[in-house]
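J.: Please find the sequence and the predicted model below.
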Amino acid sequence: MSKYVAAVDQGTTSTRCILFDRKGRIVSTSQKEHQQIYPKPGWVEHNPEEIRENALEVIAVARIKASAAVEDIAAVGITNQRETTVVWNKHTGKPYYNALVWQDTRTESYVSELETSGGPDQFREITGLPVATYFSGLKLKWLLEHVKDLRQDAENGDALFGNIDTFLIWHFTGGPRGGIHVTDVTNASRTQLMNLRTLQWDPQMLSAFSIPEKMLPTIKSSSEVYGHMQTEVLPGVPIAGDLGDQHAALVGQVCFSPGMVKNTYGTGCFMVMNTGNELKLSKNGLLTTISYQFGNEPVQYALEGSIAIGGALVQWLRDNLGLIKDSNEIEALARTVDDNGGAYFVPAFSGLYAPYWRTDARGVIAGLTRYVNKGHIARAVLEATAYQTMDVVRAMEQDSGIPLANLRVDGGMVANRLLMQFQADMLDVQVIAPKVTETTALGAAYAAGLAVGFWSDKDELKKNWVSGASYEADMDNAKRVKLYKGWKKAISKSLDWL
């Protein structure tokens with residue numbers, strides 16, 4: 001009888017494999033970083049082949065660490081950085097070009113043209129998304145127009161498109177020898193090519209972006225057997241779960257009821273509210289997207305606020321300014337001061353995402369005086385994540401009509417107690433982290449495990465959720481209002497740079 005489910009968590013900076021047991025506990029884990037490629041300002045790329053090789057390696061290492069036989073693994077679930085766009089040849093399996101990462105802004109000219117001709121919200125009714133550099137569709141359009149022979153191959157049916165989940169599943173299930181070309185509804189919803197109501201590729205969107213439908217994967221649910229591993233690693237094991245990373249975290253946090261909210265603090269920050277069977281189009285700068293779909297059950301919708309720069313700002317402080325040597329040092333540095341000293345950091349390195357959607361914004365540090373030192377800068381870096389989250393919460397409350405009761409949190413930055421306490425203070429609600437904080441991988445495992453009967457139903461998953469650290473609001477409201485007013489002023493200074 002199988003003991004574990006394997007989850008491959010393919011993120012922006014690294015790839016992990018985690019084995020989970022029936023209680024949703026981590027049995028073993030393996031992780032490997034991949035190269036970040038910056039050919040030009042605003043361009044961000046990954047090598048898909050490197051990611052594929054790393055994924056196979058971490059699966060093997062995680063299994064070895066657990067001394068697990070192949071038959072001990074019930075299924076594999078995959079979760080991935082969303083919107084990151086890959087096109088490859090179906091006969092060779094080789095990519096035509098590096099993957100264009102979700103942070104990449106080379107499609108700004110397309111965005112400007114579309115905003116001028118039809119406005120930023122012209123596709124919201126179909127896709128739930130504004131016109132932005134963020135999503136896969138315009139990245140695919142750029143590749144088709146700039147990579148030699150790609151459009152001809154695409155129209156001939158020789159070129160395949162996918163986000164990273166699709167690329168990995170295709171290779172894992174045989175690649176050029178019969179690989180399965182699929183994605184799930186959550187990843188498809190982030191391409192700006194899928195109709196949120198029909199859950200199929202939309203002819204109007206394909207026409208608007210000049211994309212041949214034959215290069216697109218088949219859209220499936222988030223929890224079903226897509227195929228079986230055809231690799232030396234876990235041969236014959238079913239691949240049965242597929243979710244974009246933020247949707248997987250929602251599942252890992254067992255936010256199965258409408259109104260439940262989670263926020264993931266990673267490279268960026270992503271807040272998702274389950275809205276159940278109801279599709280809510282945002283009037284306040286949020287995205288309408290899919291929560292998940294398990295097998296033949298009705299699709300569940302969501303509202304999402306996407307923040308481009310969260311933990312990446314800490315990395316920037318480390319790598320570009322050298323104020324810290326390790327990301328973990330930022331909390332100690334921030335604690336050398338009592339407040340931000342009047343300094344605010346707006347990390348609009350590639351524009352502002354939700355709820356502003358301003359591609360003309362750029363990063364600013366505002367409110368500097370001779371008094372401000374590196375401790376204040378470190379605190380301003382952490383506070384920026386909390387303020388951006390607060391912007392999204394306010395928009396989400398307006399769109400949904402549901403006041404935030406508490407916030408379930410996960411991701412790497414949750415270990416920063418100073419940030420989590422400040423987040424609770426600014427939101428004036430309880431902030432709760434689960435005992436198992438690897439919720440993205442856990443969600444992918446849950447989807448795969450449900451598909452093969454490793455877990456019986458969602459109620460069994462709910463019983464696995466155990467609270468870890470929690471934070472209660474402890475700030476005077478007048479101070480809260482003053483701090484947030486300063487943030488909004490700093491935001492105004494970041495606009496109209498381009």
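T.: Perfect, I can see it now.

J.: okay, CA-based contacts and neighbour counts for the rest of this
T.: OK.

J.: how about the strands in the stretch 151-300 of the chain?
T.: Under the criterion DSSP state E, counting those that start in this stretch, strands of the stretch 151-300 of the chain are mapped to 159-163, 182-184, 218-220, 223-228, 238-244, 261-265, 269-276, 287-292, 300-307.

J.: Using TSV, lay out these together with mean pLDDT.
T.: Converted to TSV, the strands of the stretch 151-300 of the chain look like this (pLDDT from 0 to 100):
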stretch	mean pLDDT
strand 159-163	97
strand 182-184	98
strand 218-220	98
strand 223-228	98
strand 238-244	98
strand 261-265	92
strand 269-276	91
strand 287-292	94
strand 300-307	91
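
J.: and those strands as JSON lines, adding mean neighbour count and distance to Leu418?
T.: Listed next are the strands of the stretch 151-300 of the chain as JSON lines, based on neighbours: other CA atoms under 10 Å; distance: least, CA to CA, whole Å:
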{"stretch": "strand 159-163", "mean neighbour count": "26", "distance to Leu418": "35"}
{"stretch": "strand 182-184", "mean neighbour count": "25", "distance to Leu418": "37"}
{"stretch": "strand 218-220", "mean neighbour count": "19", "distance to Leu418": "41"}
{"stretch": "strand 223-228", "mean neighbour count": "22", "distance to Leu418": "37"}
{"stretch": "strand 238-244", "mean neighbour count": "31", "distance to Leu418": "29"}
{"stretch": "strand 261-265", "mean neighbour count": "26", "distance to Leu418": "14"}
{"stretch": "strand 269-276", "mean neighbour count": "26", "distance to Leu418": "17"}
{"stretch": "strand 287-292", "mean neighbour count": "28", "distance to Leu418": "29"}
{"stretch": "strand 300-307", "mean neighbour count": "26", "distance to Leu418": "20"}
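
J.: quick one: average pLDDT of stretch 188-199?
T.: Computed over stretch 188-199, the mean pLDDT rounds to 97.

J.: For the helix ranked longest in the chain, name the packing helices and strands.
T.: Secondary structure of the chain per DSSP state H: the longest helix is helix 374-400. If contacts are counted by 3 or more CA pairs under 8 Å, 6 or more residues apart in numbering; DSSP states H and E, helix 374-400 sits against strand 269-276, strand 300-307, helix 311-316, helix 330-334, strand 344-346, helix 417-427.

J.: Check which helices and strands the helix or strand following that helix is in contact with.
T.: Downstream of helix 374-400, the next assigned helix or strand under DSSP states H and E is strand 406-410. For strand 406-410, the elements it packs on are strand 261-265, strand 430-434, judged by 3+ CA pairs under 8 Å, 6+ apart.

J.: one more time with 10 Å
T.: Applying 3 or more CA pairs under 10 Å, 6 or more residues apart in numbering; DSSP states H and E, one finds that strand 406-410 contacts helix 245-252, strand 261-265, strand 269-276, helix 417-427, strand 430-434, helix 439-452, strand 467-471.

J.: a markdown table for these, including distance to Ile239?
T.: Formatted as a markdown table, the helices and strands packed on strand 406-410 follow (distance: least, CA to CA, whole Å):
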| stretch | distance to Ile239 |
| --- | --- |
| helix 245-252 | 15 |
| strand 261-265 | 25 |
| strand 269-276 | 25 |
| helix 417-427 | 35 |
| strand 430-434 | 26 |
| helix 439-452 | 7 |
| strand 467-471 | 29 |
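
J.: Against Thr440, how distant is Leu19?
T.: From Leu19 across to Thr440, the span is 13 Å (CA to CA, to the nearest Å).

J.: Looking at these two, which has the bigger crowd around it?
T.: Thr440 (31 against 28; other CA atoms under 10 Å).

J.: The more buried one touches Gly244, doesn't it?
T.: Yes: here Thr440 lies in contact with Gly244, judged by CA atoms under 10 Å, at a distance of 8.9 Å.

J.: what touches both of these two?
T.: Here Thr440 and Gly244 have Asp9, Gln10, Gly11, Ile78, Thr79, Asn80 as joint contacts, going by CA atoms under 10 Å, 6 or more residues apart in numbering.

J.: Among those, which has the minimum pLDDT value?
T.: Lowest pLDDT of the shared contacts of Thr440 and Gly244: Gly11, 93.

J.: Find me the pLDDT at the residue lying closest to it once chain neighbours are set aside, would you?
T.: Nearest residue to Gly11 in three dimensions, chain neighbours excluded: Gln81, at 4.9 Å (CA to CA, 6 or more residues apart in numbering). You'll see Gln81 listed with a pLDDT of 94.

J.: Now Gln81: phi and psi?
T.: In terms of degrees, to the nearest 10, the main-chain angles of Gln81 are phi -60, psi 130.

J.: That one: what's it in contact with?
T.: Going by CA under 10 Å, 6+ apart, Gln81 touches 9-15, 101-102, 163-165, 187, 243-246.

J.: coming back round to it: which stretch among the helices and strands packed on strand 406-410 comes nearest Leu196?
T.: Leu196 lies closest, by CA to CA, to one member of the helices and strands packed on strand 406-410: strand 269-276, at 13.6 Å.

J.: quick one: the helices in the stretch 101-250 of the chain?
T.: Using DSSP state H, counting those that start in this stretch, the helices of the stretch 101-250 of the chain run over residues 108-118, 124-127, 136-146, 150-156, 164-172, 185-188, 203-209, 245-252.

J.: Pull the most distant pair out of the shared contacts of Thr440 and Gly244.
T.: Top of the distance list for these (CA to CA): Gly11 and Ile78, 10.7 Å.

J.: so what sits against both of the two?
T.: Common neighbours of Gly11 and Ile78 (CA under 10 Å, 6+ apart) are Ile164, Gly244, Asp245, Thr440.
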